[in-house]
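In: The following block contains a protein sequence and its predicted model.
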Amino acid sequence: MVDYIIDQNLAILAVNNPPVNALSHHVREGLVEGIKKANANDQVTAIVIIGKGKIFCSGADIREFSNHAAIKDPVLTSVGHTIENSGKPVISAIHGNALGGGLEVALFCHYRIASESARVGFPEVLIGILPGAEGTVRLPRLSGLSFAMDMIASGKQINAKDAFKHGILDKVCTGNILEEAKDFAKKVIGQPLDSRRLSRINVEDASNVDAVFEVALAQVKKKYKGQIAPIYCLKSVRNSAKMSFDKAAAEERRLITELMLGYQSIALRYSFFAERSASKWRLPCGASVNNTKPSKIESTGVIGAGTMGSGIAVCLIRAGIPVILVEKDPKMLEKGMETISGILDGSVKLKRMTPGQKAKCMEILKGATSLDKLSNVDLVIEAVYENLELKRQIFAQLDKVCKPSTLLCSNTSTLDIDKIASATNRPDKVVGTHFFAPAFIMRLLENVYGSKTSPTTVATVMELGRRIGKVTVLVKTCYGFVGNRTHQCFGAEASFLLEEGCLPQDIDQVLEEFGMAMGPFKVSDLSGIDVGWRIRQEVAKAAGFKLTTETRYHNGERISTVGDSLFEMGRYGIKTGKGWYKYDPTNLRKPVPDSDVADVILDHCAKMGLQRCKIPPQEIIERCLFAAVNECFRVLEERVAEKPEDIDVIWQYGFSFPRYAGGPMFYASQVGLKRVYERVCFYHEKFPYSSHWIPSDLLRKLASHSVEIPMSQWKEFVNGSKL
Ligand SMILES: CC/C=C/CC(=O)SCCNC(=O)CCNC(=O)[C@H](O)C(C)(C)COP(=O)(O)OP(=O)(O)OC[C@H]1O[C@@H](n2cnc3c(N)ncnc32)[C@H](O)[C@@H]1OP(=O)(O)O
């Protein structure tokens, strides 16, 4: 796993552990052996460590963290000490990325050079730990405290130019990295090594440490609310300036061990692999990412220039994919084009794009007022409002207008893809591409296959998701798919809690303390109370009943209409300055609890004869989350989602479920399925008029086992395959 090559008087140690040269046990062994062998060879005058393939090194092998038997000697710190104590200069030659333990390997070396396109960073914090092989003690000795605290606590990667500026690199190379490393090595042969050993030098700005720490701590607490690891990162860097090198390193080891065993790190490591597993789609017929080729998509159409259509068009043109935006009303079309231009201006302002890049995006965007203009595109995404008949009409027309190979996608957030596909003669080429609002910001794309969608169509939209930078998950069609179907239960319970004793701010506060970025009522104000109202009206209309603020039940199902009362008062949320909260026009980001809303809720309860009482935070969490969890198990049982990881990724990226709590399925696995099932049964008995409390069969089966079944085996219990 480490190739040992002698090249004239140099020993080249090439890490060879595809795909990303993680520091697995054999790599660590190989590095130690290589350094020892080179030192024992009188012909060798210097040593170069390099990575084979596309990357220098991605750091420790994260899979080993959950398998303590794999963390065998030599551990990374002792590998590092062998490197640092080498009597011959060791130069790390970085291309691609040097991350985490990979950057630590470089910091053990006496010299570091990198290609100008290389990036370095300590992403450990993103998996809930800290750079535990002396990274927090070594980096400040090169870059100073403030920069080290920021880089380590944020997990951000920096480019070679910046790394050079902050003293991390000794040279940025423009040529072949190996050749440049060999030239560099020849120049440093014979130079004294002691001043190059970071363990032997001091932190220059150590006297400022307390002031630097306090500033960084205040920022971190605000930015990474609820997360433990960023704070530990700062503490460990602080130690580097307050203690001897060895003591600070020992303390770093204690801190990483504590973090590694904690819930947040276990959840974040799970999230790392869950996100990657989402792209590995598989259909029940056996077709999968491994055996199905996507079609080429070189041109697209987007139908509807409203908020969703414009946002989707931005995603496509930003990735260099030409778009024809179709809107039959010319004024609406013009407004849509202006919205798109405005969104891109925002990116230019934030320096995420240059004015030249914006101009290029606008060049590949064309407007049209007729579907006929889509005759030649490879793929169309329909993004009109949520109405099945309208969508069926559009798809029938597209089927006539578009070339036979065109894929027809719907941005529906709830409707059955089969019902849309049956309006065409190409149901195999019809698929759901459900973007989350705002589409140009939210990273999630929920792709939805129907009973006739072909594997090639699925492969194509999954690949499209990757091209436009989305985290893309594949699910099967059903009402609301995975995201909205399971989230609806969460929202419904939040509304019922209002009728039973809570105010919006109580529920938001508890769920934010749990880790949600925003509570459900703040989210509702952001997305618009009118939007929720319209959806509820459509659903009621389709089911043939009239929904009023007096309605409490339909078809034996409990309904809450408090939000509809706010709609009728013109309180649509942030856009009208009032919703579940009130907003000062000069500070729309700060929701203020409103006694008028409390009055509306109390009136509603009085009118409906509902008794109110104090509801403890634990019940708020259980009611909202377990209702969703139960539905998630149903989704798994019906194979709407193929694996629990897909559901968790949808919740993380679609509904800001805290990554450090894993997702509803991971959370349930940690609470224990027996306990979850017990509570679901308890609430089912208490609330017989909410079908989302009817316990899922799969949850019941899993909970009935005497030992907890690991998440990776839940699938095996679907369809009665295991009892
Ligand atoms: C005591 C010592 C402590 C040390 C601390 C550490 O070093 S912790 C590890 C710190 N490093 C990281 O967190 C890096 C994580 N990896 C990445 O950011 C990216 O994978 C990448 C290296 C930038 C490459 O990105 P790319 O998009 O090209 O590929 P993928 O992300 O899809 O990864 C390819 C497969 O490699 C697996 N993988 C990546 N990094 C690691 C790792 N450090 N350990 C184990 N496995 C890793 C990844 O899961 C992919 O495999 P799949 O089978 O497809 O899941």
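Out: Thanks, I have the structure now.
In: So for residue 69, what's the pLDDT?
Out: Note on residue 69: pLDDT of 67.
In: ditto for residue 556
Out: For residue 556, the pLDDT comes out at 83.
In: next one: residue 544
Out: Here the pLDDT value assigned to residue 544 is 82.
In: Can you tell me the SS state at the residue of the stretch 601-723 of the chain found nearest the ligand?
Out: Relative to the ligand, the nearest point of the stretch 601-723 of the chain is residue 645 (10.8 Å; C-beta to the nearest ligand atom). From N, CA and C alone the C-beta is placed, and that goes for glycine too. Taking DSSP: H, G, I helix; E, B strand; the rest coil as the rule, one finds residue 645 in the helix state.
In: OK, contacts around it?
Out: Counting by C-beta atoms under 8 Å, 6 or more residues apart in numbering, residue 645 touches 273-274, 277-278, 663, 665, 711.
In: now, which of those residues lie close to the ligand?
Out: When these are filtered against the ligand using C-beta under 6 Å from any ligand atom, the residues retained are residue 273.
In: So among the contacts of residue 645, which ones count as buried?
Out: 274, 278, 663, 665, 711 (16 or more other C-beta atoms under 10 Å).
In: And these, which two are furthest apart?
Out: Comparing all pairs in the buried ones among the contacts of residue 645 by C-beta to C-beta, the longest separation belongs to 278 and 711, at 14.5 Å.
In: now stretch 502-517: mean pLDDT?
Out: Here stretch 502-517 scores 96 as its mean pLDDT.
In: Columns secondary structure and pLDDT on top of the contacts of residue 645, output as a markdown table?
Out: Supplementary listing: the contacts of residue 645 in a markdown table, determined by DSSP: H, G, I helix; E, B strand; the rest coil; pLDDT from 0 to 100:
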| residue | secondary structure | pLDDT |
| --- | --- | --- |
| 273 | helix | 97 |
| 274 | helix | 97 |
| 277 | helix | 96 |
| 278 | helix | 94 |
| 663 | coil | 97 |
| 665 | helix | 98 |
| 711 | helix | 94 |
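In: from the contacts of residue 645, which two are the most distant?
Out: The distance between the two most remote of those (C-beta to C-beta) is 14.5 Å, for 278 and 711.
In: Residue 328 looks like it's in a strand, true?
Out: No - checked against three-state DSSP, residue 328 lies outside a strand; its state is coil.
In: That one: what's it in contact with?
Out: For residue 328, counting by C-beta under 8 Å, 6+ apart, the contacting residues are 369-370.
In: can you do 7 Å?
Out: Counting by C-beta atoms under 7 Å, 6 or more residues apart in numbering, residue 328 makes contact with residue 369.
In: before we move on, what about residue 58?
Out: Applying C-beta under 7 Å, 6+ apart, one finds that residue 58 lies in contact with 20-22, 97, 99, 102.
In: Go back to those residues and keep what's next to the ligand.
Out: Under the cut-off given by C-beta under 6 Å from any ligand atom, the ligand has 20, 22, 97, 99 from those close to it.
In: which of those residues has the most neighbours?
Out: residue 99 (26 neighbours; other C-beta atoms under 10 Å).
In: re earlier: list the ones among the contacts of residue 58 that fall in helices.
Out: Of the positions in the contacts of residue 58, residue 102 sit in helices, assigned by DSSP state H.
In: which of the contacts of residue 58 sit farthest apart?
Out: Within the contacts of residue 58, 22 and 97 form the most distant pair, 11.5 Å apart (C-beta to C-beta).
In: List phi and psi for residue 285.
Out: Note on residue 285: its backbone torsions stand at phi -80, psi -10 [degrees, to the nearest 10].
In: Can you show me the helices along the stretch 51-200 of the chain?
Out: Taking DSSP state H, counting those that start in this stretch, the helices of the stretch 51-200 of the chain run over residues 76-84, 101-108, 135-143, 145-154, 160-165, 177-188.
In: Which one of these lies nearest to residue 264?
Out: With C-beta to C-beta as the measure, helix 145-154 is the member of the helices of the stretch 51-200 of the chain nearest residue 264 (14.3 Å).
In: Centre of the chain to the closest one, how far?
Out: 22 Å (C-alpha atoms, centre = their mean, to the nearest Å).
In: likewise stretch 447-457?
Out: A distance of 24 Å separates the centroid of the chain from that of stretch 447-457, by C-alpha atoms, centre = their mean.
In: Contacts for that stretch next, please.
Out: Taking C-beta under 7 Å, 6+ apart as the criterion, the residues outside stretch 447-457 that touch it are 283, 287, 292, 294-295, 407, 417-418, 421, 427-434, 458, 461-462, 465, 472, 474-477, 481.
In: Can I get that stretch in PDB? Just the C-alpha atoms.
Out: Output for stretch 447-457, consisting of C-alpha atoms alone and laid out as PDB, is shown next (Å, rounded to 0.1, in the frame of the first residue of the first chain):
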ATOM      1  CA  ASN A 447     -35.800  11.900  -7.900                       C
ATOM      2  CA  VAL A 448     -39.000   9.800  -8.200                       C
ATOM      3  CA  TYR A 449     -39.500   6.800 -10.400                       C
ATOM      4  CA  GLY A 450     -42.900   5.500 -11.400                       C
ATOM      5  CA  SER A 451     -43.900   1.900 -12.200                       C
ATOM      6  CA  LYS A 452     -42.900   2.400 -15.900                       C
ATOM      7  CA  THR A 453     -39.900   4.700 -15.600                       C
ATOM      8  CA  SER A 454     -36.900   3.000 -17.300                       C
ATOM      9  CA  PRO A 455     -33.500   2.400 -15.700                       C
ATOM     10  CA  THR A 456     -31.900   4.700 -18.300                       C
ATOM     11  CA  THR A 457     -34.300   7.500 -17.400                       C
END
